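[1] here is my input, please return the structure:
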Amino acid sequence: MRKILLSIAGFIFACSLQAQPILQFVETTHDFGEVLEADGPITNKFEFTNTGNAPLIINNVKASCGCTTPAWTKEPVMPGQKGFIQAQYNPINRPGSFRKSLTISSNTGSASTVFIAGQVTPKPKTLAETLPTKIGNLRIRSKALNMGTIKNNEISVKKHDLYNESDTPLELIESKTPEYITISFEPATIEPQGSGKIVVSFDPTKSKELGYSQETITIKTNEATDAVKSLNIVTTVVEYFPPMTGDEQAQAPKLTLENKVIEFGKANAGEPVIAEFSFTNSGQQDLNIRDVKTNCNCTKASVENSTIKPGEMGKVKVTFNTEGKKGIQHQQITIFSNDPRNSMQMIALRGSVDSN
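    As a prediction, this is how the structure comes out:
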């Protein structure tokens, strides 16, 4: 009986070996090298051989990214025969390096993975794509010249590209700006189909303002029409704090908000919404409130006391004018303080306004 059982077990084992497909790839990673975005989708076929003793069936192939489209041999691959797994990669709007995988499910009993890789070189942008905003004969990236975030103890200077789309020289004659903004041009006259730059200098030591700022300026050219052009200088000014040791930071003032969002529920249009935000000085030195600003002229905010002792609480009173408002409202209030860790903190007043 023992010999019979051993014979049966051996027969079953031998059968299982005979019924095993094996998936063997020529390569499991394909590097496309440099790929031009302008050329569009690229494709590679991973060739494989069934080196087993039973038909091989590919059940599914799953790509790691929607940018990669798989395809594969759908019919059973007989022993000794070849099949393929195809990967098509779309490089459009995907500059830079990439590495994507395809996971293969089959009747071999385990999943297999292949990879594609490469480096996408972006296609050159057209003039309209690079400088999409047209004001008269002048092309520029945007009417909003973004200066980024700057500290209130430094002058920020940035250059923004210009292009003269006309067939005649474009003279940049003058500009009208506040005292803390200075404008110059490189060059002052841009040749036909030529490029230039507008140089913007922003001096926060003269503006004395913290937070987000959008200042409208005008520049004048020699054009017969659209000679006066309006632009916006956009920046966010934050307070500068000298480097501090760990002990100095532990002794510094610290503004801690009780809530960063207050829901006022529903209000009728024309009825003011009045709310209060509480905060605490959880630091070891006096907390000084530099300013309180809102994102809309419809909202006013004020602080009861601009100096808060350690451990004491302060309050910000907010009045939201709902006149002419309708639907969901989100008002933002920004508190500026001498908290060196987080000198600019935002709180929100949210709710909805029903029209009468």
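[2] CA atoms for contacts and neighbours, from now on please.
    Fine.
[3] tell me where the chain has helices.
    2-18, 127-130, 204-207, 246-251 (DSSP state H).
[4] tell me who's in contact with residue 122.
    36, 37, 38, 93, 94, 95, 96 (CA atoms under 8 Å, 6 or more residues apart in numbering).
[5] which one of these is nearest to residue 268?
    When those are compared for distance to residue 268 (CA to CA), residue 93 wins out at 46.3 Å.
[6] need the least confident one among the helices of the chain, by mean pLDDT.
    The stretch with the lowest mean pLDDT among these is helix 2-18, at a mean of 50.
[7] run a quick neighbour tally on residue 147.
    Neighbourhood size, residue 147 [other CA atoms under 10 Å]: 19.
[8] the residue nearest to it when sequence neighbours are not counted bridge partners, please.
    Leaving aside its sequence neighbours, residue 147 sits nearest to residue 235 (CA to CA, 6 or more residues apart in numbering; 5.0 Å). In this structure, residue 235 bridges to residue 213 when assessed by DSSP bridges.
[9] isn't residue 235 right up against residue 212?
    Yes - between residue 235 and residue 212 there is a contact under CA atoms under 8 Å: 5.9 Å.
[10] more neighbours, the two?
    Set side by side, residue 235 and residue 212 show more neighbours around residue 235, with 22 against 16, by other CA under 10 Å.
[11] sorry, back to before: quick check, nearest of the contacts of residue 122 to residue 301?
    Scanning the contacts of residue 122 for proximity to residue 301, where the rule is CA to CA, the winner is residue 93, at 43.6 Å.
[12] who are the neighbours in contact with the closest one?
    Shown in contact with residue 93 (CA under 8 Å, 6+ apart): 37, 122.
[13] and if you look at residue 100?
    By CA under 8 Å, 6+ apart, the residues touching residue 100 are 63, 64, 65, 68, 115, 116, 117.
[14] try it again with 6 Å
    By CA atoms under 6 Å, 6 or more residues apart in numbering, the contact list for residue 100 reads 115, 116.
[15] keeping just the C-alphas, turn stretch 283-298 into PDB.
    Extracted C-alpha coordinates of stretch 283-298, given in PDB (Å, rounded to 0.1, in the frame of the first residue of the first chain):
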ATOM      1  CA  GLY A 283       5.200  82.400  24.500                       C
ATOM      2  CA  GLN A 284       7.400  83.900  27.100                       C
ATOM      3  CA  GLN A 285       7.600  87.500  25.800                       C
ATOM      4  CA  ASP A 286       5.000  90.200  24.900                       C
ATOM      5  CA  LEU A 287       3.100  89.500  21.700                       C
ATOM      6  CA  ASN A 288       2.700  92.500  19.400                       C
ATOM      7  CA  ILE A 289       0.000  92.500  16.800                       C
ATOM      8  CA  ARG A 290       1.500  94.400  13.800                       C
ATOM      9  CA  ASP A 291      -1.700  94.500  11.700                       C
ATOM     10  CA  VAL A 292      -4.900  92.700  10.900                       C
ATOM     11  CA  LYS A 293      -6.000  92.600   7.200                       C
ATOM     12  CA  THR A 294      -9.000  91.100   5.300                       C
ATOM     13  CA  ASN A 295      -9.300  89.900   1.700                       C
ATOM     14  CA  CYS A 296     -12.300  92.000   0.900                       C
ATOM     15  CA  ASN A 297     -13.400  95.600   1.500                       C
ATOM     16  CA  CYS A 298     -16.700  94.100   2.700                       C
END
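[16] list the buried residues of that stretch.
    283, 284, 285, 286, 287, 288, 289, 290, 291, 292, 293, 294 (16 or more other CA atoms under 10 Å).
[17] max pairwise distance over those: which two?
    Farthest-apart pair in the buried residues of stretch 283-298 is 284 and 294; separation 28.2 Å (CA to CA).
[18] skip the chain neighbours and tell me the closest residue to residue 212.
    Using CA to CA, 6+ apart and skipping residues adjacent in sequence, the residue nearest residue 212 is residue 236, 4.2 Å away.
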